[in-house]
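**Student:** when you get a sec, could you give me coordinates for this:
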Amino acid sequence: MKRQLVVVTGMSGAGKNLAIRAFEDLDFYCIDNLPPNLLAETVRLWDEPEAKPQNVALVIDVRAGQFFEDFLKDYTELSQTENGFDKPKILFLDATDTVLIRRFKETRRRHPLFEKGKSITDCIKEERAQLAPIRERADKVIDTSNLEPLGLRKEVAQYFGPDGAKDSMVVTVVSFGFKFGIPLDADVVFDVRFLANPHYVDALRALDGNAEAVRRYVLSDPLTEPLLERLFNLVDFSIPQYTKEGKAYLTIAIGCTGGRHRSVVVANELGRFLQSRGSNVIVEHRDTNHIGSV
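**Tutor:** The predicted structure is shown next:
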């Protein structure tokens, strides 16, 4: 297997410093705040015969100023160059505006795009616009809005550690509650709020969809079986197309109102189906800790 080359980018305040430390824990050689026009030269250095065969992670973001404008051009040229690395990947870290504003206020850090007369909201809006084309090209987006530092480290290890660095596409199935927002890293979103809701059953309310009693209740809804049949057929058809396109990571989000019951059951069933098809699958439940959610 060739070595990995990962470009870490994304919104300021979304956790790039934590992510790069996670890559260091995975024995990646890490460089922070690399100007994009040095991408090719950096790869050439690690491609020398005397260089240590090592995975490399590079942080490139708006701190590069005017040099950042050519990032996609430099990255595309590198992607088309033969070297000792596998196809380079972009890891994009994101978070909601509300979370980013809170983090900047708590740390009292100045936003890289700050100028006199600009608010933090203006800076975030401008940065989102600059990063939009790169986010579109990203191989993996991680939403850190609800992630603790340990959670982000686990996510990086899952996707880029020895067990995650596989040739097959990694499919993440995540359950969530619409009342807490759609996951920013979702590629495909399914709404299962039309299924019977265990929240209104006293004996089930305090449980979540991982409990067998809740699973049986949701699966007993006459609408669940035809939903799963259509969902399985759709992913069976679409995943090979994503793979053919060269996508390395796919996130399928399953949502109900509170993210504790119906979406968890459906996400688990979809995860089991994908595993039976040989997919490299990760199942996550984002909102099961919100006790009392509908």
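**Student:** isn't Gly84 up against Arg44?
**Tutor:** No. Using C-beta atoms under 8 Å, Gly84 is not in contact with Arg44; the gap is 10.1 Å. Yep, even glycine has a C-beta here, placed from its N, CA and C like the rest.
**Student:** who touches the lowest-mean-pLDDT helix or strand in the chain?
**Tutor:** When the helices and strands of the chain are scored by mean pLDDT, DSSP states H and E, helix 39-46 comes last with a mean of 87. Here helix 39-46 makes contact (C-beta atoms under 8 Å, 6 or more residues apart in numbering) with 3, 5, 7, 29, 31, 34, 51, 54, 56, 58, 60, 74-75, 77-78, 81, 83-85.
**Student:** helices - which of these land there?
**Tutor:** Under the assignment DSSP state H, the contacts of helix 39-46 contribute Asp74, Tyr75, Glu77, Leu78 to helices.
**Student:** for the last one, give me its contacts.
**Tutor:** Each residue near Leu78 by C-beta under 8 Å, 6+ apart is listed here: Leu39, Ala40, Val43, Pro88.
**Student:** what comes up buried for stretch 254-270?
**Tutor:** 254-270 (16 or more other C-beta atoms under 10 Å).
**Student:** again with stretch 95-115
**Tutor:** For stretch 95-115, the neighbour count (16+ other C-beta under 10 Å) marks Ala95, Thr96, Val99, Leu100, Ile101, Arg103, Phe104, His111, Pro112, Leu113 as buried.
**Student:** so where is the stretch 101-250 of the chain shaky, pLDDT-wise?
**Tutor:** Residues of the stretch 101-250 of the chain meeting the criterion pLDDT under 70: 163-167.
**Student:** quick check: end-to-end length of stretch 64-76?
**Tutor:** 18 Å (C-alpha to C-alpha, to the nearest Å).
**Student:** from here on, count from 29
**Tutor:** Sure, I'll start counting at 29 from here, so that last one is stretch 92-104.
**Student:** so what touches that stretch?
**Tutor:** Residues outside stretch 92-104 that contact it (C-beta under 8 Å, 6+ apart) are 35, 37, 61-65, 67-68, 88-90, 116, 118, 158, 161-162, 165.
**Student:** could you do stretch 142-149 as well?
**Tutor:** Outside stretch 142-149, the residues touching it (C-beta under 8 Å, 6+ apart) are Asp125, Ile129, Phe132, Lys133, His139, Cys151.
**Student:** Glu155 is in contact with the first one, correct?
**Tutor:** Just to be clear, that refers to Asp125. No. Contact criterion C-beta under 8 Å: Asp125 and Glu155 do not qualify, at 10.4 Å.
**Student:** in strands only, show me the buried residues of stretch 282-298.
**Tutor:** Among the buried residues of stretch 282-298, DSSP state E puts Ile282, Gly283, Cys284 in strands.
**Student:** ok, now which ones touch Ala276?
**Tutor:** Lys115, Lys117, Asp167, Lys168, Met197, Val198 are the contacts of Ala276 under C-beta under 8 Å, 6+ apart.
**Student:** just the buried members of those residues?
**Tutor:** Among these, the ones that count as buried (16+ other C-beta under 10 Å) are Lys117, Asp167, Lys168, Met197, Val198.
**Student:** surely Val199 is in contact with Ile310?
**Tutor:** Yes. The pair Val199 and Ile310 passes the contact test of C-beta under 8 Å, sitting 7.3 Å apart.
**Student:** which of the two has more residues huddled nearby?
**Tutor:** Neighbours were counted for Val199 and for Ile310 using other C-beta atoms under 10 Å; Val199 has more, 25 against 18.
**Student:** doesn't that one lie inside a helix?
**Tutor:** No. Going by DSSP: H, G, I helix; E, B strand; the rest coil, the assignment for Val199 is strand, not a helix.
**Student:** wait, which of the contacts of Ala276 is closest to Ala50?
**Tutor:** When the contacts of Ala276 are compared for distance to Ala50 (C-beta to C-beta), Lys168 wins out at 13.2 Å.
**Student:** hang on, isn't that closest one packed against Leu121?
**Tutor:** No. Judged on C-beta under 8 Å, Lys168 makes no contact with Leu121 at a distance of 9.6 Å.
**Student:** quick one: contacts of stretch 171-179?
**Tutor:** Applying C-beta under 8 Å, 6+ apart, the contact partners of stretch 171-179 are 42-43, 46, 121-124, 127, 180, 183, 208-209, 211-213, 314.
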